[in-house]
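S.K.: based on what follows, work out the 3D shape:
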Amino acid sequence: MCGRALDEVTRIPVCRECLREPQPLSAEFFCASCRTPFLNEFPLDGEGRCALCRTGLRGFDAAYCFGAYTGVLRELIHLYKYGRVKTLARPLGDLLAAALPREERFDAAIPVPLHWRRRWQRGFNQADLLARSIARRCGMPVVHALKRTRPTTAQAGLGNTARRRNVAAAFASRGRTAAVAGKRILLVDDVMTTGSTAAACALVLKRAGAAKVVLLAVARVDRRMGGTRAATAYSTVGGSY
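M.R.: Purely as a prediction, here's the structure:
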């Protein structure tokens, strides 16, 4: 990350300083449901909800993310996912735990699935390792109740509506209704951009009888960045679109 020599034996090729670098996402105005940050309060209704949450397009009941998908945090996620440094699942799991409110309780963690071809190319599902990390901390099982039924085209460059269409019907239940019905589900992924993938997953889980679906991700694209920085983040993200 920073180019300095490592001075301790570790399974993670990142120094302690860089691992401590990511900061929590901060904003004066957040949506009360999806926690999307805004520059002002005008997009929010009297209950503090954004337009997508008001109209039910989110699908999930709430969303929590640790930080913005930029800087060192973005580099750590890239090293984890594309550099295949799977040992980063533990420190990234620490960030997930920091983002999850202590009062929240769940019955199962479910990772956002990859299509089998993408998983074969990458060698692992990054969301699965993160789900295992947070599940151990919270004392709940990891349930693979979702499957991706078809590969989707790259989300980069697509608008919100096009992103929702791209992932529509891309997920299905694995038939484990008993593990989902009436349960509080924590849906886990590495990155959230518009939330279209998470919404598609939540819809499947709700149809299977889930009582509550909450998204938990390490980072989210912060659209307050604007301009080139936001475009770069959108074009390189690979998680919950």
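
S.K.: contacting residues for residue 49?
M.R.: 31-33 (CB atoms under 8 Å, 6 or more residues apart in numbering). Just so you know, the C-beta spots here come from the backbone N, C-alpha and C atoms, and that holds for glycine as well.

S.K.: show me where this protein has its strands.
M.R.: 29-30, 37-38, 62-68, 108-111, 146-148, 171-173, 184-192, 212-220 (DSSP state E).

S.K.: which strands and helices sit next to the second one?
M.R.: Read that as strand 37-38. Where contact means 3 or more CB pairs under 8 Å, 6 or more residues apart in numbering; DSSP states H and E, strand 37-38 is packed against strand 29-30.

S.K.: neighbouring strands - and their directions - for the strand it packs on?
M.R.: Paired neighbours of strand 29-30 in the sheet (DSSP bridges): strand 37-38 (antiparallel).

S.K.: in TSV, list the strands of the chain along with distance to residue 83.
M.R.: Output for those, formatted as TSV (distance: least, CB to CB, whole Å):
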stretch	distance to residue 83
strand 29-30	32
strand 37-38	28
strand 62-68	19
strand 108-111	19
strand 146-148	23
strand 171-173	27
strand 184-192	13
strand 212-220	15
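
S.K.: mean pLDDT for the ones you listed: which is lowest?
M.R.: Of all those, the minimum mean pLDDT falls on strand 171-173 (a mean of 88).

S.K.: in that one, what's buried?
M.R.: 171, 173 (16 or more other CB atoms under 10 Å).

S.K.: offset the numbering so it begins at 567, please.
M.R.: Fine by me, first position is 567 from now on; the one you just mentioned is strand 737-739.

S.K.: show me how far it is from its chain's centre.
M.R.: 18 Å (CA atoms, centre = their mean, to the nearest Å).

S.K.: dump the residue contacts of residue 679.
M.R.: So residue 679 contacts 691, 693, 710, 712-714, 737 (CB under 8 Å, 6+ apart).

S.K.: lowest-confidence helix or strand of this structure?
M.R.: helix 793-802 (a mean of 48; mean pLDDT, DSSP states H and E).

S.K.: related to what we said a few turns ago, neighbour-wise, which of the contacts of residue 615 leads?
M.R.: residue 597 (23 neighbours; other CB atoms under 10 Å).

S.K.: wait, it sits on residue 616?
M.R.: Yes - if you go by CB atoms under 8 Å, residue 597 and residue 616 touch, sitting 4.1 Å apart.

S.K.: which neighbours do the two share?
M.R.: 604, 609-610.

S.K.: same list (these) but as JSON lines, adding neighbour count and distance to residue 790.
M.R.: Formatted as JSON lines, these follow (neighbours: other CB atoms under 10 Å; distance: CB to CB, whole Å):
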{"residue": "604", "neighbour count": "16", "distance to residue 790": "7"}
{"residue": "609", "neighbour count": "15", "distance to residue 790": "11"}
{"residue": "610", "neighbour count": "19", "distance to residue 790": "14"}
